[in-house]
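In: Predicted model and sequence follow; I will ask about them next.
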Amino acid sequence: MTLSTLLFYVAIAAVILTLLVYFVFKKKDSWVMSFLQNYCGALFVFSGWVKAVDPLGTAYKMEQYFDQFESVFAATWFGFLAPIFPILSTYAVGFSVFMIIFEIVLGIMLIMGHKPKFTAWAFLLLVLFFTFLTGFTFLTGYVPGEVNFFDIGNWAAYDKNNMKVTDCGCFGDFIKLEPKVSFLKDIVLLVPGFIFLFGWKRMHTLFSRTVRNVLTSLITLGLLYYCASNFMWDIPHKDFRPFKKGRDIAEQKRLEDEAMANIQILAYEVENKSTGEKKTIPYEEYLKTFQQYPSEKWNLEQVYSEPVMTTTKIAEFDVMDNDGYSMNEDILNSEGPLIFIIAHKLYGDGSPSTRIARDTFYTVDTIFQRDGSVKLERSISRIDERTESYIDYQWKDYYTKRYTEVVLPFIQKARAENIPVIAAIGGADYEQILDLKEDLDMDISYGMADDILLKTIVRSNPGVVLMDRGKLVDKWHYKKLPSFEDVKASYLQ
């Protein structure tokens, strides 16, 4: 679905609501104001719902913003604000849930006309907040990598590759908007924001004050439970991400890799460093005249053709073993069912420690047998002890219990049925992985992967995914992991 299609459907819903307001509730103060209330309210309810389905997705997006704000402010006179953002990141999930619920409830309050003056101010301030985020996202396209955002004098031509946060997350994973489109959308929403602010007395109101208060309270509580259920004890009930149940990941990755491989260079955009002269040169012509554009005098940028299909996070699927070899073949081209354990982060603290290591040295003696044969006999000559440094990891009890009480019993039964098990760990080095493996006595294959990729696959840490010949059959939150017997009866017969 495109943004224009979505806005059209929202407009239809707003027209229907406005007719109900006019003919059923007999509120005839202002058609225009009623329509704007219903339109903005319905838009906020929908955009909030697609985020309420997956609160962790919004939290991850906020973490990206906080990380960028920290680096941006650290290099300015406002550097004293930089330490605030890592603290905010630790509360990103709570902030996400609050913002989602506030957006939906505000939309419903607009439709009901509840507390019109407060609602008008809240709507305008929330839109201003969204405009700040989407504006920052879009404008970073003008900021080269070595330039600070506030160093406006050194901004350059727009380049989407400069953006560190490439999507504002306005509609979660339901629709991915270009940053410029998101920014312009919020600019437009400022218009009804100011109309509400100065014309709140003309807003329609539905139901009595008591009914509105009760509905607002019940909806808030219901949304709090709904948001929590989509990450605290289960995965999102509606999956808008590319790693959906039933998706053939192996085939989709093949198609996306093929699409990227077929991208061609169409032209070169060149800019004279001295004069600022710019021009676009077709690729074939550039090959004949490239000597005229040395990199010392010209900035060069390739212009590519568009891929034949939109690529997703599936194209970035890559799990590596400790030696740097890809484990994709084992995961995506398994000959049968495969249990795929996902952990985007390990929770524990490491502290430097030392231990005694023993190096054993052997001598080999040649012994001649009576029958003329020769026998080599090895014996210990000495054992040297040395002290070596290492990092001793103490894993959080609440985290290890997720494995020992839930995941490990499931894995053991799968292994007993000769079903291979592979784990992908994010944000950790191999020493940490080995330490966890030894502490939990998990005799399975491990690989390392990008933590954002793993978060995209399943919203649980750890999460359990059932694959079969490259197809994602099903996935579970560790708190909702069924017994292996149930999984076997449903999928492995």
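Out: Okay, I see it.
In: So the residue nearest to Ile341 when sequence neighbours are not counted versus Phe243, what's the distance?
Out: Leaving aside its chain neighbours, Ile341 sits nearest to Ala423 (3.9 Å; criterion: C-beta to C-beta, 6 or more residues apart in numbering). Heads up, the C-betas are built off the backbone N, CA and C, glycines and all. Distance, Ala423 to Phe243, using C-beta to C-beta, to the nearest Å: 16 Å.
In: if we can go back for a sec, relative to Phe410, how far out is the residue nearest to Ile341?
Out: Applying C-beta to C-beta to Ala423 and Phe410 gives a distance of 12 Å.
In: likewise Asp384?
Out: With the distance defined as C-beta to C-beta, Asp384 ends up 44 Å from Phe410.
In: same thing with Pro192?
Out: Relative to Phe410, Pro192 is positioned 51 Å away (C-beta to C-beta).
In: just to revisit the earlier point, so which of Asp384 and Phe410 has more stuff around it?
Out: The neighbour comparison of Asp384 against Phe410 (other C-beta atoms under 10 Å) goes to Phe410, with 21 against 9.
In: Just give me how far stretch 328-345 sits from the chain centre.
Out: In terms of C-alpha atoms, centre = their mean, to the nearest Å, the gap separating the centre of stretch 328-345 from the centre of its chain is 20 Å.
In: mind checking the end-to-end distance for it?
Out: 20 Å (C-alpha to C-alpha, to the nearest Å).
In: cool, and stretch 285-301?
Out: 15 Å.
In: Other residues contacting that stretch?
Out: Residues lying outside stretch 285-301 but in contact with it, judged by C-beta atoms under 8 Å, 6 or more residues apart in numbering, are 159, 267-274, 281.
In: Any regions of the stretch 351-493 of the chain where pLDDT drops low?
Out: Segments of the stretch 351-493 of the chain classed as low confidence (criterion: pLDDT under 70) are 368-372, 374.
In: can you map out the helices along it?
Out: In the stretch 351-493 of the chain, the helices defined using DSSP state H, counting those that start in this stretch lie at 397-402, 408-416, 430-440, 451-457, 484-491.
In: so of those helices, which one's packed in deepest?
Out: With neighbours defined by mean count of other C-beta atoms under 10 Å, none of the helices of the stretch 351-493 of the chain is more surrounded on average than helix 451-457, at a mean of 20.
In: what residues go with each domain of this structure?
Out: Under automatic domain parsing, the residue ranges defining each domain of the chain are 3-229, 264-304, 315-347+396-491, 352-390.
In: Please state the offset of the third one from the chain centre?
Out: Right, the one you point to is domain 315-347+396-491. In terms of C-alpha atoms, centre = their mean, the gap separating the centre of domain 315-347+396-491 from the centre of its chain is 18 Å.
In: do the same with the longest one
Out: Here domain 3-229 shows a centroid-to-chain-centroid distance of 19 Å under the convention C-alpha atoms, centre = their mean.
In: Show the end-to-end separation of that domain, please.
Out: 28 Å.
In: got the buried residues for the strand or helix carrying Tyr60?
Out: For Tyr60, the element it lies in under DSSP states H and E is helix 55-74. Judged by neighbour count (16 or more other C-beta atoms under 10 Å), helix 55-74 contains these buried residues: 55-66, 68-70, 72-73.
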